[in-house]
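>>> need a structure here:
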Amino acid sequence: MADIRLCLVTSNEHKYREIKAIGEELGVEVDMCTAPKLEVQSDSLEEIAYKSALLAYLYLNRPLMVEDAGLYIKALNGFPGPYSNYVFKTIGLAGILKLMNGVEDRRACFKSAVAVVLDNYTFISTGEVCGYIANSPRGTRGFGFDPIFVPEGETRTFGEMSIEEKNRYSHRAVAVKKALTRVIQLKSNIGL
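Numbers count the residues shown, from 1 in each chain. Reported below is the predicted structural model:
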């Protein structure tokens, strides 16, 4: 069993599996926890994750992290950005592809913010991966916009990749690795 244990506040099983795999790599045990969620309306992923983490900590009173992500499409001026979850639920993949119909510049970036609360310590880590929007959905793995996002250096969408493959590229993996590495350092330096 890991010396370090963190609660990931989410109801998304896919997100939990991705983050749990990163925790296992680094020797951090990640549990899936639920807590009341206040979805802050903000243009800042960092603010959304931070305020959600503080609220969850008040409810759970244990070391935890919250991850929030968004898809930023260049031709759509960064839309849907921090509103990606809502946009996915309302117009889905088909709606985004319809907005992109006939658009040549298909560049996009996925961004992630991870807020960590450890008793008296709070911090935020971020990650980003850029690539492009595919012409049609491909793959059945992952969640959200994964089937239409192709990261730089790849020909496959996130939806065509295993968790291990996606974690080599993903915005979430970058942010979570930074966050867990900092947690490990804090434990080592101050004995959390």
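
>>> Could you tell me the phi and psi values at residue 150?
phi -110, psi 120 (degrees, to the nearest 10).

>>> Let me know the pLDDT of the residue of the chain most remote from its centre.
The centre of the chain is farthest from one residue, residue 102, which by CA atoms, centre = their mean lies 28.8 Å away. Per-residue pLDDT puts residue 102 at 95.

>>> From residue 75, how far out is it?
10 Å (CB to CB, to the nearest Å). Yep, even glycine has a C-beta here, placed from its N, CA and C like the rest.

>>> Could you do residue 97 as well?
Going from residue 97 to residue 75 by CB to CB gives 12 Å.

>>> returning to that earlier point: for the residue farthest from the centre of the chain, which three-state class applies?
Classification of residue 102 using DSSP: H, G, I helix; E, B strand; the rest coil returns coil.

>>> Is residue 31 in contact with residue 5, as I believe?
Yes: in this structure, residue 31 is within contact of residue 5 by CB atoms under 8 Å, at 6.7 Å.

>>> Buried residues, the helix or strand encompassing residue 47. List them.
Following DSSP states H and E, one finds residue 47 within helix 45-60. Neighbour-count burial for helix 45-60 flags 45-53, 55-57, 60 (criterion: 16 or more other CB atoms under 10 Å).

>>> For residue 36, state which of those residues is nearest.
residue 55 (6.7 Å; CB to CB).

>>> and the longest helix along the chain, average pLDDT?
If you go by DSSP state H, the chain has its longest helix at helix 171-190. What helix 171-190 shows for mean pLDDT is 92.
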